[in-house]
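Asker: structure, please.
(chains A and B)
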Amino acid sequence: MKKTFINSVAAGGLLDRRSFLLSGLALSASYSLSTLAAPKDLQTNIGESLPIWMKTPGRNATEYGQPSPYEKHIKRHLEKNSPETATFSIWHTPIENQRGIITPSGLHFSVNHNGIPDITPEKHQLLIHGLVDKPLKFDIESLMRYPIVSNINFLECAGNTAPNAVSFNALDQSCQELYGQLSGSEWSGIPLKYLLQEAGVKPKAKWVIAEGADGGSHARSIPLSKLLDDAIVALYQNGERLRSSQGYPMRLFVPGWEGNVNVKWLHRLEVTDRPAFTKDESGLYSDVLDSGKIQRFSFHMDVKSVITHPSGKQVLPEKKGFYEISGLAWSGYGKIKQVEVSADGGKTWTKAHLDSPILSKSLTRFHIPWQWPGSATTLLSRATDEFGRVQPTRDQWRERYASHSFNHYNGIQAWRVSRNGVVENSYV
Amino acid sequence: MFKFIILAMLLGGLISPLVSADKSITQLGMALSEAEIKKYSITIFPNGTNLPIGQGSVQQGETLYKNQCMMCHGEEGIEGPAARLVGSDGWFSFSDPLRVLRIKEYPVLLISVGSLWPHATTVFDYIRRAMPHYAPKSLTNDEVYALTAYILYLNDLVDEDVLLDKKHILEVIMPGKERSISAWQDTTK
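Answerer: I've put the predicted structure just below:
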């Protein structure tokens, strides 16, 4: 009976996206039949067989809510470091536990090159100087009176998924380990163009050196045109003031561009006619090409996707079971146009369903139902953005870069599913 | 004239005080003085803009390095665990048989200051603003020149007897410069 609803749309068990809903109805109908209760003894109270939480008054709420204690295992993962490098820390988001496109602020990935400063907001100021008519400073109280805009955007570190870029063999890692330098949030703040226009940018100006107020005074050179286009001085993340690890009291947010230019603890913008070649644009955040050339200022995060459900280090609980494949796609250039999924190692592909909202430079959620045939197979996802940019294969990506270059990796992800249902990172 | 003012008042009364959202009239920036700019303006540019007066030798730099830097960057500036300072980038360096293992342990050691950085001014800029990691901005300008000289010396980019200052630092040719290309194409202008 159930099988008549299920329409196979590609090899490897991928199904029409309505299949899940229809078969679910069939399942729930049969379930409710089997659970019809027997008549109760009239002498017993209704609570006798019920769980304790249905028979006792609950506790009060608290001033600031926390996740359920039963979800304590959902947490950021710290990339291995040492006491000597502890202030340069990389915290990964558990992206395989996330549904939807918003990452809880406390789980947002965080890369800190010199630790998290403790900034007194009343003493913090944003300075704008250099090639401007009027050098200006702003305190937070006055910034709060400017028009505030909000946008849902992804943020991704240039080095996200680096192990797949450089490792000879596919490391057995989870989605969090491989893809966790990626998060999605609603960011609210002041369009930077308002502040730059107020200072009066001189015609010669082409770049802005953005600097943080952390111990290392993190700095990046950013093209002025991008800052005038859609960058904001972010004061809020997901409706509340920024978390310390996200730049409290303010950060630069540059939609679609590598995480490192989204300068946290922002305190100074120096308008110039040239880049400064700061530490990170001189080494760590440059790309070494196959030709040996060192590519600098490759700001955009290119079109990319990953299946989060199921993903690395997970085990499918039921042989030949019915699963909802789900994942995330994003592009630093604009909107996601389509995501294709393959359940047979890339021989055949099917378009996945994209959930609303599909926003520019934002995580986009995709899903497709899948009847696992029970044999070993490989799951892949391939995203295309509105400008026709398509994710390359790992081999295609690696042809462009030196074997040790790890930034801006966006190759198609392959998850190998074994006969026993074990999901593992793999190369195809 | 009088009529004109009345007309303006009438018109003014009809126009809503709300303005279009793209025309921000919030102007709350306060004047920033030259002294304040000077206090915070620490960025050194590749053409030498902002380089301070001062000088330092390789020998002075070596002493400072051993006391304040070696515990993180290693005796030769290649061992880590903190970012590699010396040598060429890449997996295959036959002069270092343990390199692959080291890279696996600390991937940041793939790339070095000596191999990738295009301008010596950045070495000065970064040491002065961020190093040592546990006490950033604690070094004097002379000490920063000395440490810059020592790191450049370890990379065979300056002679042992160099006295580095704002003039000589601009004469250093970094290997990363010739290999550099920019991915940024400004299409808006």
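Asker: show me which residues of the stretch 101-250 of chain A are close to chain B?
Answerer: Within the stretch 101-250 of chain A, the positions near chain B by CB under 8 Å from any CB of the partner chain are A:113-114, A:127-129, A:134-139, A:142-143, A:145-147, A:162, A:166, A:191, A:194-195, A:197-199, A:206, A:209, A:211, A:215-217, A:219, A:223, A:225, A:229. Every residue, glycine included, has its C-beta placed from N, CA and C.
Asker: buried ones from those residues, can you make that a PyMOL selection?
Answerer: Here is the PyMOL selection string for the buried members of those, based on 16 or more other CB atoms under 10 Å in any protein chain shown:
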select buried, chain A and resi 113+114+127+128+129+135+136+137+138+139+142+143+146+162+166+191+194+195+198+199+206+209+211+215+216+217+219+223
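Asker: among the residues of the stretch 101-250 of chain A next to chain B, which are located in strands?
Answerer: A:Leu127, A:Ile128, A:His129, A:Leu136, A:Lys137, A:Phe138, A:Asp139, A:Pro191, A:Ile209, A:Glu211, A:Ala219, A:Pro223 (DSSP state E).
Asker: wouldn't the second one be in contact with A:Leu192 here?
Answerer: What that stands for is A:Ile128. No - judged on CB atoms under 8 Å, A:Ile128 makes no contact with A:Leu192 at a distance of 9.4 Å.
Asker: and which of the ones in strands among the residues of the stretch 101-250 of chain A next to chain B is nearest chain B?
Answerer: For those, the residue nearest chain B by CB to the nearest CB is A:Leu136; the value is 3.3 Å.
Asker: name the nearest residue to that closest one, ignoring sequence neighbours.
Answerer: Closest residue in space to A:Leu136, ignoring its immediate chain neighbours: B:Gly29 at 3.3 Å, by CB to CB, 6 or more residues apart in numbering or on different chains.
Asker: ok, now which ones touch that neighbour?
Answerer: B:Gly29 sits next to A:Ile128, A:Lys134, A:Leu136, A:Lys137, A:Phe138, A:Ser142, A:Leu195, A:Glu198, A:Ala199 when contact means CB atoms under 8 Å, 6 or more residues apart in numbering or on different chains.
Asker: if we can go back for a sec, which residues are common contacts for A:Ile128 and A:Leu192?
Answerer: A:Leu269.
Asker: rewinding a little: of the contacts of B:Gly29, which pair is most distant in space?
Answerer: Spatial extent of those (CB to CB) is set by the pair A:Lys134 and A:Ser142 at 14.8 Å.
Asker: give me the pLDDT for residue 20.
Answerer: Going with chain A. As predicted, A:Phe20 sits at a pLDDT of 55.
Asker: please go with chain B instead
Answerer: B:Ser20 is assigned a pLDDT of 60 by the prediction.
Asker: starting at the chain centroid, how far to stretch B:127-145?
Answerer: 12 Å (CA atoms, centre = their mean, to the nearest Å).
Asker: ok, the residue in chain B positioned nearest to chain A to A:Tyr236 distance?
Answerer: Chain A sits closest to B:Gly29 of chain B, with a gap of 3.3 Å, by CB to the nearest CB. Counting by CB to CB, to the nearest Å, the gap from B:Gly29 to A:Tyr236 is 21 Å.
Asker: which stretches of chain B have low pLDDT?
Answerer: In the predicted model of chain B, residues B:1-24, B:88-110, B:186-189 satisfy pLDDT under 70.
Asker: show me where it has helices.
Answerer: Along chain B, the stretches classed as helices by DSSP state H are B:2-14, B:34-40, B:58-68, B:70-73, B:99-105, B:113-116, B:120-130, B:141-154, B:175-178.
Asker: between those, which gets nearest to A:Gln413?
Answerer: Closest among those, using CB to CB: helix B:99-105, at 21.7 Å.
Asker: just to be sure, A:Ser381 is in a helix?
Answerer: No - the assignment for A:Ser381, made by DSSP: H, G, I helix; E, B strand; the rest coil, is strand rather than a helix.
Asker: residues near it, how many?
Answerer: 26 (other CB atoms under 10 Å in any protein chain shown).
Asker: residue contacts, it?
Answerer: When contacts are counted by CB under 8 Å, 6+ apart, A:Ser381 touches A:305-307, A:327, A:329, A:339-342, A:352, A:366, A:412-413.
Asker: measure it to chain B for me?
Answerer: Separation of A:Ser381 from chain B (CB to the nearest CB, to the nearest Å) stands at 26 Å.
Asker: so for that residue, what's the nearest residue that isn't a sequence neighbour?
Answerer: A:Ser381's closest residue in space is A:Ser305 (CB to CB, 6+ apart), at 4.5 Å.
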